[in-house]
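1. With the input below, show me the fold.
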Amino acid sequence: MIDLFAFARPFFHALDPEKAHNLTVAALSKGVTGMSRSPKRYENLKTTVFGLNFDNPVGLAAGFDKDAEALAGAQRMGFGFVEAGTVTPEPQPGNERPRLFRLSADKAVINRFGFNNKGLDAFARKLEAFRPPYGKTRSVVGANVGANKDATDRTADYETCIRRLYGLSDYFTVNISSPNTPGLRALQSKTALEDLVDRVLAIRQEKIAAGAKRTPILVKIAPDLLKDDIRDIADVALASDIDGLIVSNTTITRPKSLTSADKGEAGGLSGKPLFAPSTEILRDIYAATGGKVPLIGVGGIASGQDAYEKIRAGASLVQLYSALVYEGPMLVERIKADLAKKLKNDGYATIADAVGADTKP
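-> Alright, predicted model coming up:
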């Protein structure tokens, strides 16, 4: 398969990062992926997690397709699932520009978008209209929901989003870990998280009582957690009917290894420097939950080896986003091929067999 991105990369990287991103989303919304043929499928990458069937465990992380405009295009790239959002009840412009920075020397990105999106109604219309590419089955689609910056009751915003979108997505992610909405991460404290989880799960029960199917609800957490935070989050997850955790969002820390000119910009850091700390948190969460809560591993994945390490650390699924800036759409196929090979070489028949392998005696 020809990697057309190699020819387009100089053009995109000459543009302002946000303009390049918007052009990419626009291209995908029209079905243009930059790939010369259809993605390959691997039998040993099929998996079932929180009751949903995935063609492969490699997903597109939230933040890329904020308004659910590029779902079909992302599916054509070979992702096993796509998470759109973050969406908030009311449209909001987000933070002032510039707010997206490439740290090319570090294979990293800093963003401080601030949940910029077109709002819940526009997002719902896109989900309602989504049809898979011709001749393809529909990929798993997740809706990542958040709170408006000026909301007086942020938990109520999550309730509003889930109530409006229920039945339109295959799962929900409650995003309480973005560093770009002041005070949002306070919802990760045990008392606030218990209240939030109780209230969003109550919405699901209302829908089920009215005849709707059970839709999984996940919570996305930050990588900047202390040991007590990890224990509290694990306790809430184990004591509730939450379906999984996404580990993790971007980090507000800045490792000393960064060399790019924009390394001091405010916002969330993602990409290669996030791999090690997010994988450590993933491993800690897996241990704290005893492997009883499905985890999605996110942060710094740029190869099949990276994805495999996340899985062996406890992830049932993985997501990526920032590496696409540097590697292009063919990265997804390279990760899948390498991951399938590694599973076979290590004697694992399925992804599920390898989950948490490095945490077991």
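2. for residue 258, what are its contacts?
-> 103, 106, 108, 273 (C-beta atoms under 8 Å, 6 or more residues apart in numbering). From N, CA and C alone the C-beta is placed, and that goes for glycine too.
3. now it: how far from residue 355?
-> Distance from residue 258 to residue 355, counting by C-beta to C-beta, to the nearest Å: 31 Å.
4. Would you mind stating the distance between the residue sitting nearest the centre point of the chain and residue 111?
-> Nearest to the geometric centre of the chain sits residue 61, at 2.7 Å (C-alpha atoms, centre = their mean). Computed as C-beta to C-beta, the residue 61 to residue 111 distance reads 12 Å.
5. Let me know the next secondary structure element after the helix or strand containing residue 157.
-> Residue 157 is part of helix 154-165 when elements are defined by DSSP states H and E. Downstream of helix 154-165, the first helix or strand assigned by DSSP H and E is strand 171-175.
6. what residue ranges in the protein are flagged as low confidence?
-> 1-11, 34-37, 134-137 (pLDDT under 70).
7. Now find how far off-centre the longest helix seen in it is within its chain.
-> Ordering each helix of the chain by length in residues (DSSP state H) puts helix 190-209 first. Mean C-alpha position of helix 190-209 versus that of the full chain (C-alpha atoms, centre = their mean, to the nearest Å) differs by 21 Å.
8. do the same with stretch 74-93
-> Counting by C-alpha atoms, centre = their mean, stretch 74-93 is centred 9 Å from the centre of its parent chain.
9. how about it: buried residues?
-> By neighbour count on 16 or more other C-beta atoms under 10 Å, the buried set for stretch 74-93 is 74-89, 91-92.
10. Repeat that for stretch 299-319.
-> 299-304, 306-319.
11. quick one, helices of the stretch 51-200 of the chain?
-> Secondary structure of the stretch 51-200 of the chain by DSSP state H, counting those that start in this stretch: the helices cover 71-76, 120-129, 154-165, 190-209.
12. before we move on, what about the stretch 251-361 of the chain?
-> Under DSSP H, counting those that start in this stretch, the stretch 251-361 of the chain gives helices at 275-288, 304-313, 323-327, 330-345, 351-354.
13. Could you list the buried residues of the first one?
-> When neighbours are counted by 16+ other C-beta under 10 Å, the buried residues of helix 275-288 are found to be 275, 277-279, 281-286, 288.
14. In strands, which of the buried residues of stretch 74-93 appear?
-> Residues from those lying in strands, with DSSP state E as the criterion: 81-87.
15. Of these, just say which sits nearest to residue 187.
-> residue 86 (13.4 Å; C-beta to C-beta).
16. who's in contact with the closest residue to that closest one other than its chain neighbours?
-> Spatial nearest neighbour of residue 86, excluding adjacent residues (C-beta to C-beta, 6 or more residues apart in numbering): residue 146 at 4.1 Å. Residue 146 makes contact with 85-88, 115, 157-158, 161, 175, 178, 181, 184 under the criterion C-beta under 8 Å, 6+ apart.
17. which of the residues you listed lies closest to residue 223?
-> The closest of the contacts of residue 146 to residue 223 turns out to be residue 178 (C-beta to C-beta; 12.2 Å).
18. Excluding chain neighbours, what is closest to the closest one?
-> Once flanking residues are discounted, residue 178 sits nearest to residue 184: 5.7 Å by C-beta to C-beta, 6+ apart.
19. wait, doesn't that neighbour sit right on residue 155?
-> No. Residue 184 sits out of contact with residue 155 when judged by C-beta atoms under 8 Å, with a separation of 11.2 Å.
20. for the helix holding residue 157, packing partners?
-> With contacts taken as 3 or more C-beta pairs under 8 Å, 6 or more residues apart in numbering; DSSP states H and E, helix 154-165 sits against helix 120-129, strand 140-145, strand 171-175, helix 190-209.
21. residues contacting the closest residue to residue 338 other than its chain neighbours?
-> Spatially, and ignoring its direct neighbours in sequence, residue 338 is nearest to residue 304 (2.4 Å; C-beta to C-beta, 6+ apart). Counting by C-beta under 8 Å, 6+ apart, residue 304 makes contact with 334-339, 341-342.
22. try 7 Å
-> Residues near residue 304 by C-beta atoms under 7 Å, 6 or more residues apart in numbering: 334-335, 338-339, 342.
23. want to throw those residues into a markdown table with neighbour count and distance to residue 210?
-> Converted to a markdown table, the contacts of residue 304 look like this (neighbours: other C-beta atoms under 10 Å; distance: C-beta to C-beta, whole Å):
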| residue | neighbour count | distance to residue 210 |
| --- | --- | --- |
| 334 | 16 | 44 |
| 335 | 27 | 40 |
| 338 | 16 | 45 |
| 339 | 26 | 40 |
| 342 | 18 | 44 |
